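1. predicted structure and sequence below. I'll ask about it afterward.
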Amino acid sequence: MNVYSAIKQLVQRAILLNLIQQEDEIYAVNQIMSLIGLTDIREEQVGYELSEIPNILDELVLYAVREGVIEDLFEEKEIVSSKIMNVFLSKPSEVNKAFYERYLEKPEKATEYFYNLSRNSNYIQTKRISKNSSYKTLTPYGELDITINLSKPEKDPKEIAREKERKKVSSQYPVCLLCAENEGYTGRIGHPARSNHRMIRLELKDEPWYLQYSPYMYYNEHCIVLSHFHRDMVINKEAFERLFEFVEKFPHYFIGSNADLPIVGGSILTHDHYQGGNYEFAMARAEDENTFTLDTFPSIHASTIKWPMSVIRLRSFNKQELIEACDRILEKWIGYTDTSIGILAYTGEIRHNTITPIVRIRNKEYEVDLVLRNNRTNEEHPLGIFHPHQDVHHIKKENIGLIEVMGLAVLPARLKVELREVEKYLLGEPNKIEPYHIPWGEEIRISYNKEITSTSVEEIVRNEVGNTFLRVLEDAGVFKRDEQGQAAFWKFISSLNT
């Protein structure tokens, strides 16, 4: 594909996707030409089959690099690619108008429109997401989702050096990756290109909030709901109120929040935000295990669920009672100590207890899962007592946030290569297995013995990755699923009525 046909193809693809109209063709061609250093264009007479937008963009960016318009750096290429797609996008006000016209018909129509726009504009990185390795592993708690994340390329050393120099001479704008100022931001070395980024305006608790989709989504319609204000995340009554208000507005989506403390929180604690989407995780399918009554809230159906972490599930048609109950449970948990199982509410003035909440509407009834978290450390577990322990760090050592809590493992890209070497190790072939995988490899060899063959080894390793992720979730559970842990869990539940 030469550069002239690439431009024509991209414009035709945009017309077919209703990003622009036929009347916009000449304008769009001229805008793209200016972005990649072309001053004229040849008419292409030969017919061609339209390629997909990400592939066409790669061709145009490659041309800009060859012609010296930009350097061959990942983030410079991203900036040009984002600018090209911005040619086809309406202003935020127009996108919001189209969204809410559809919302008046049905909320699903509004999110479908915005989701497709985010995909077609290449804001959602569909080509990179397709490189992820994803599968399901059956466990006693249902099917866990496993994803080896290959979406985000590693930085070039030259980019890192340039980012360091930039920080010496300028202030940070936007302040973080979630700030509203990212909408339409060109990008720079050290900050992703966002020219083709659009956000939907929301109001939650009489405050301005925004809805956007994740560029590297981990599940269907993975959305981010973020505050207009750059402020720290906090789990409190107001947060519960916003979560319930969101599912009222978008009843086909779930929404949840990372915890608000380090270790048990997500990767960004400095900007108030939630995550949601149109997907049912294994935790949502978990069955009730033990039911109980909250004396102050008799209309609420309360239970623990069959899940490796410690979860209280509440259901009711009464939204306000649920909010009050969530707030009471949070207040009780924040101050709760049980030294017999290593739970301390505070060390001095440092708080350890918090909650990861998830809200959904099921059969027209509100349902909320409150996952109890504790971020205490000690000498044996310096990264966290209720955090993946050392023996599973070879698979997962990062924070266990909202997505993992619900049963989706987001695993590091290194495993794509490393697990293949584990397979070779199990088959007795020459390999370059990482030393930290060897004890695990030996356990697999003992467990499966003669079952390990060239045709079965990949599936065996996949299953064992899933079982290791299950161990990760069990490590993160504050009340273990043994007799002592469950007795302690019931002790805490009993305290809710005192």
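-> Arrived safely, thanks for sending.
2. in terms of helices and strands, where is T354?
-> According to DSSP states H and E, T354 maps onto strand 353-362.
3. what strands flank that strand, and is each parallel or antiparallel?
-> As defined by DSSP bridges, the strand partners of strand 353-362 come to strand 254-256 (antiparallel), strand 365-374 (antiparallel).
4. so which residues of the stretch 51-200 of the chain form helices?
-> 53-66, 74-86, 92-105, 107-120, 126-129, 157-169 (DSSP state H, counting those that start in this stretch).
5. could you dump those helices to CSV with mean pLDDT and distance to S34?
-> In this view, the C-beta of every residue, glycine as well, is placed from N, C-alpha and C. Output for those, formatted as CSV (pLDDT from 0 to 100; distance: least, Cβ to Cβ, whole Å):
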stretch, mean pLDDT, distance to S34
helix 53-66, 96, 11
helix 74-86, 96, 10
helix 92-105, 98, 22
helix 107-120, 98, 22
helix 126-129, 92, 25
helix 157-169, 49, 25
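6. tell me which of these sits nearest to E458.
-> helix 126-129 (21.6 Å; Cβ to Cβ).
7. pull the CA atoms of the closest one into PDB?
-> The C-alpha coordinates for helix 126-129 follow below in PDB (Å, rounded to 0.1, in the frame of the first residue of the first chain):
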ATOM      1  CA  THR A 126      -8.100  -2.800  19.100                       C
ATOM      2  CA  LYS A 127      -5.000  -4.000  17.200                       C
ATOM      3  CA  ARG A 128      -2.800  -4.000  20.300                       C
ATOM      4  CA  ILE A 129      -5.500  -5.500  22.500                       C
END
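8. contacting residues around it?
-> Residues outside helix 126-129 that contact it (Cβ atoms under 8 Å, 6 or more residues apart in numbering): 52, 54-55, 119, 150-153, 216-217.
9. any low-confidence regions in the protein?
-> The chain contains residues with pLDDT under 70 at 1, 44-48, 152-171.
10. ok, back up a step: ok, and the most crowded of the contacts of helix 126-129?
-> Counting neighbours by other Cβ atoms under 10 Å, M217 leads those with 22 neighbours.
11. does that one touch R119 like I think?
-> No - using Cβ atoms under 8 Å, M217 is not in contact with R119, being 9.5 Å away.
12. re earlier: among the contacts of helix 126-129, which one lies nearest to G428?
-> L150 (28.0 Å).
13. and the gap between the closest one and N363?
-> Distance check for L150 against N363: by Cβ to Cβ, to the nearest Å, it reads 37 Å.
14. just the CA coordinates of stretch 239-258, formatted as PDB?
-> Extracted in PDB, the C-alpha atoms of stretch 239-258 (Å, rounded to 0.1, in the frame of the first residue of the first chain):
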ATOM      1  CA  ALA A 239     -18.600   7.300  46.900                       C
ATOM      2  CA  PHE A 240     -21.400   4.700  47.500                       C
ATOM      3  CA  GLU A 241     -24.000   7.300  46.500                       C
ATOM      4  CA  ARG A 242     -22.200   8.000  43.200                       C
ATOM      5  CA  LEU A 243     -21.900   4.300  42.400                       C
ATOM      6  CA  PHE A 244     -25.600   3.700  42.900                       C
ATOM      7  CA  GLU A 245     -26.500   6.900  40.900                       C
ATOM      8  CA  PHE A 246     -24.300   5.700  38.000                       C
ATOM      9  CA  VAL A 247     -26.100   2.300  37.700                       C
ATOM     10  CA  GLU A 248     -29.400   4.100  37.900                       C
ATOM     11  CA  LYS A 249     -28.300   6.100  34.800                       C
ATOM     12  CA  PHE A 250     -26.700   3.000  33.100                       C
ATOM     13  CA  PRO A 251     -28.500  -0.100  34.500                       C
ATOM     14  CA  HIS A 252     -26.800  -2.400  31.900                       C
ATOM     15  CA  TYR A 253     -23.300  -1.600  33.400                       C
ATOM     16  CA  PHE A 254     -21.700  -2.500  36.600                       C
ATOM     17  CA  ILE A 255     -19.400   0.000  38.400                       C
ATOM     18  CA  GLY A 256     -16.900  -0.400  41.100                       C
ATOM     19  CA  SER A 257     -14.000   1.300  42.700                       C
ATOM     20  CA  ASN A 258     -10.400   0.400  43.600                       C
END
